[in-house]
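Asks: Using only what follows, build the 3D model:
(chains A, B, C and D)
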Protein chains: 2
Amino acid sequence: MPAPAPTRERLVTEAMRLFSAKGYEATSVSQIEAAAGLAAGSGALYHHFKSKEALLDAGIDRQLDRRRAMRDIRALFAGLGDLRAELTILGRYLLNVVDEERQLLQIAARTEAGRSARLHAACAALIDGLNAELADWIGAWAPAMAPSQRAALAAVGVNGLTGTRFTATLLHQAEPAIADDRYLAEWTALLAARIEQHGGS
Amino acid sequence: MPAPAPTRERLVTEAMRLFSAKGYEATSVSQIEAAAGLAAGSGALYHHFKSKEALLDAGIDRQLDRRRAMRDIRALFAGLGDLRAELTILGRYLLNVVDEERQLLQIAARTEAGRSARLHAACAALIDGLNAELADWIGAWAPAMAPSQRAALAAVGVNGLTGTRFTATLLHQAEPAIADDRYLAEWTALLAARIEQHGGS
DNA sequence: GTCTATACTAAGATAGAC
DNA sequence: GTCTATCTTAGTATAGAC
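Replies: Below is the predicted model of the structure:
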């Protein structure tokens, strides 16, 4: 049987879950304590974190650590030499990254704009990274495409992936209205048609 | 000079603005009163609305009234006979609808899932309507396309538009990283390439 | 209709017993 | 490390003067 996670870990886990469901401000310390198996309102949380905000920071840092651990996985599946095969895998990979970061994105979405600079920076770096990965790949297959057009195409592509998760969250859909396979297949066909048309040389 | 809006109107306007910025639960009645020019914490709001939730409902209803007033504008620009010309206008129209409803979408995004059934219903109807409009248009230009594929293509298209606003909100961008014209042009080219390829017959 | 004042509850955070 | 108890502030909402 797995050793129970230490209290500090449980607090971070439950806090991030509650923050993503209700937003930072709308989540009380009592609720976090209760979710972590401590007495609600006991203030036991403050033996592990200086404040509620320090707890959010710890959660963001944990997510950033996970992100660093995932880095360089991308290099594993490059260079199949076939446009649609590569794009299929790239789309699946990008959507997977969005899912890994979904909790963080939801917290940012449910929390006031200037509330946490760290939160904002973590999300901005994520979105920028997704756009850069897709833009780079497009650049390799359509070298003649102007950089500004490449950026716009990458943005539409990335928004097509992030948007489906945003919408699902917004509408409280446990699972997307359209199955991921179906959606990704259409996403791939859409971008492939445009790239072949343009950079097909 | 314009007559100052009545207090009740100002309360709804400011409440919706604050709800969209901070979320429903994170916005206090005092803040709404202050924003509407009343004494913070005076409780003057309760002479106009039974409760904070009744105020949110009034704001949702006002948005639904506006939505009804916008209906049937779509019919004005149909039937240009040119795929790319029609798609350009349709994309501009759909993005405009998203902007009109942006405040409502943001409130839903920043507010806990089961908090308001009315809010959820208003957003679901909006997203469904956008998808249906694009799917119908695709169906007219690519009759041979399977319904499930048409739905998937429409979903990618709509997510490409909603996603750009979601992302801008998430990253606190006053204006999008890519100009709307540039973005819409690429969005149009992307979908047009796919539709021509498929239903071009 | 708007104010002051207030009731009541819950928030974030701390002190000290065990 | 976790608890009970408590401090202080802020929340929703109401009562009553003007």
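Asks: how about the helices of chain A, start to end?
Replies: Ranges of helices within chain A are A:7-22, A:29-35, A:52-70, A:83-100, A:102-109, A:117-141, A:147-170, A:180-199, based on DSSP state H.
Asks: Residue B:118 versus the residue nearest to the spatial centre of chain A, what's the distance?
Replies: In chain A, the residue lying closest to the centroid (C-alpha atoms, centre = their mean) is residue A:101, at 2.7 Å. Using C-beta to C-beta, to the nearest Å, we find residue A:101 at a distance of 30 Å from residue B:118. Quick note: C-beta positions are derived from backbone N, CA and C, even for glycine.
Asks: so how many other residues sit close to the nearest residue in space to residue A:20 that is not next to it in sequence?
Replies: Excluding the flanking residues, the one nearest residue A:20 by C-beta to C-beta, 6 or more residues apart in numbering or on different chains is residue A:106, at 4.0 Å. Residue A:106 has 21 neighbouring residues, counting by other C-beta atoms under 10 Å in any protein chain shown.
Asks: before we move on, the earlier item: thought residue A:67 was touching the residue nearest to the centre of chain A, still the case?
Replies: Yes: assessed by C-beta atoms under 8 Å, residue A:101 is found in contact with residue A:67 at 7.2 Å.
Asks: remind me which residues of chain A are low pLDDT?
Replies: A:1-2, A:199-201 (pLDDT under 70).
Asks: let's see 90
Replies: Along chain A, the model assigns pLDDT under 90 to residues A:1-5, A:70-81, A:197-201.
Asks: Can you give me the domain assignment for it?
Replies: Following automatic domain parsing, one finds the domains of chain A at A:1-69, A:72-199.
Asks: Switch these over to CSV; also include distance to DNA strand C.
Replies: Shown next, in CSV, are these (distance: least, C-beta to the nearest atom of the strand, whole Å):
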stretch, distance to DNA strand C
domain A:1-69, 2
domain A:72-199, 13
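Asks: Go through those and pick out the most buried.
Replies: Ranked by mean neighbour count, those are led by domain A:72-199 with a mean of 18 (mean count of other C-beta atoms under 10 Å in any protein chain shown).
Asks: Can you give the distance of that domain from its chain's centre?
Replies: Centroid separation for domain A:72-199 versus its chain: 10 Å, with C-alpha atoms, centre = their mean, to the nearest Å.
Asks: quick check, that domain touching DNA strand D?
Replies: No: contact between domain A:72-199 and DNA strand D is absent, the nearest approach being 12.5 Å (criterion: C-beta under 7 Å from any atom of the strand).
Asks: need the contact list for residue A:91.
Replies: Each residue near residue A:91 by C-beta atoms under 8 Å, 6 or more residues apart in numbering or on different chains is listed here: A:161, A:184, A:187, A:188, A:191.
Asks: who's in contact with the residue nearest to the centre of chain A?
Replies: A:63, A:67, A:126.
Asks: Many thanks, we can stop here.
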